[in-house]
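Peer 1: Below: sequence and its predicted model.
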Amino acid sequence: MSTDPTRRTVVVTGASAGLGYHAAEQLAAAGHRVVLATRDAARAAAAERSIRRHVDDADLTHLHLDLADLDSVRAAASELAGIAPDGIDATVNNAGVVGAGEYRTTRQGTELQIGTNHLGHFAWSALLMPLLEQRGGRVVHLGSIAHRWARLDRHDPLGAGHYADHRQYGRSKLAVMLFGFELAQRLGDADSAVTSVVAHPGLALDVLSPVRPEVTPSRAEPTWFRPVRRFVSQGKDAGAAPLVHAAVAPGVRSGEYWGPSGWMQLRGTAAVVFAEPRAHDRTEAARLWDASERASGVSFALDALV
């Protein structure tokens, strides 16, 4: 095994497609060990084959993880401890549901989008704390510009209220960001070596991404859209860059928000960017945190670090 001190062990959830795939490929190309944490073994195998075709000597491992099932989250965290007994350097919490159609729930009964995008990753991050502490690792949370138009129900932060698919996605991403920034605060208060960083991809589209036949399906696009797409969007590979930077670049600080540097944060190179004040609301974050602990049955043992 390499003794390169810059080499990291990074877990990427949802690494079999989209942003997660491109983040995994970029991390492997940079010489890092990548754990592909996905729920579908066949799609994970296809992603691994694709990465190996583009990255010589890629160091890849597959881990079964279904974030919509908290039993799977617990089992995967236990298995990861065996895969990486010396700890991990980062978890890129990328996996998620983008639009669930009609109202659906996780195995434990939480609305599917917030249950997968936020609650599953909340439990996952808590369970991985011992592995992250060993290496002074990072938790990277996948935010979104969709948080700008979202509000949580103060009485039921994990609820869907009057359900609307697109609205619930925005809520799920606001929850992710509230959790990510609050975790940074609590880790700092506990003098933990672990850092919590939020990152987002801007407007990242498959049609602008490098072709990966086994991973990214070809999609038709309206002819009228072609002249404008490159001015307001970018590929999933470019969208993955802020996530990768947040995970392994030197100098990244806990509580930062990384995203595209261009107009409206839709595209551009990775930079520290602005999040809406509501994503930093600690009162709202505390309500969400308490609700998440109750719903998941998982707690962060941060008091033990003080």
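Peer 2: Structure received.
Peer 1: Longest helix in the chain, please.
Peer 2: Identified as the longest helix of the chain according to DSSP state H is helix 165-189.
Peer 1: and the helix or strand following that one, C-alpha only, in CSV?
Peer 2: Scanning forward in sequence from helix 165-189 by DSSP states H and E, the next helix or strand is strand 195-199. Extracted in CSV, the C-alpha atoms of strand 195-199 (Å, rounded to 0.1, in the frame of the first residue of the first chain):
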residue,chain,number,x,y,z
THR,A,195,-14.6,19.1,10.0
SER,A,196,-18.0,19.6,8.4
VAL,A,197,-18.2,21.3,5.0
VAL,A,198,-21.1,22.0,2.7
ALA,A,199,-20.6,22.0,-1.1
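Peer 1: follow-up on the earlier one: tell me which residues in the longest helix of the chain are buried?
Peer 2: 167-184, 186-187 (16 or more other C-beta atoms under 10 Å). The C-beta positions use only the backbone N, C-alpha and C, and glycine is treated the same way.
Peer 1: next one: stretch 100-112
Peer 2: Buried residues in stretch 100-112 (16+ other C-beta under 10 Å): 100, 106, 110-112.
Peer 1: circling back: so for the longest helix of the chain, what's the average pLDDT?
Peer 2: Helix 165-189 shows a mean pLDDT of 96.
Peer 1: and the angle for it with strand 195-199?
Peer 2: Orientation check (axes from the mean of the first three to the mean of the last three C-alpha atoms, to 10 degrees): helix 165-189 against strand 195-199 gives 150 degrees.
Peer 1: Helix 165-189 - contacts with which helices or strands?
Peer 2: Contact partners of helix 165-189 among helices and strands, from 3 or more C-beta pairs under 8 Å, 6 or more residues apart in numbering; DSSP states H and E: helix 112-114, helix 121-135, strand 138-142, strand 195-199, helix 282-296.
Peer 1: the inter-axis angle of that helix versus strand 138-142?
Peer 2: Using the same axes, to 10 degrees: helix 165-189 against strand 138-142 is 160 degrees.
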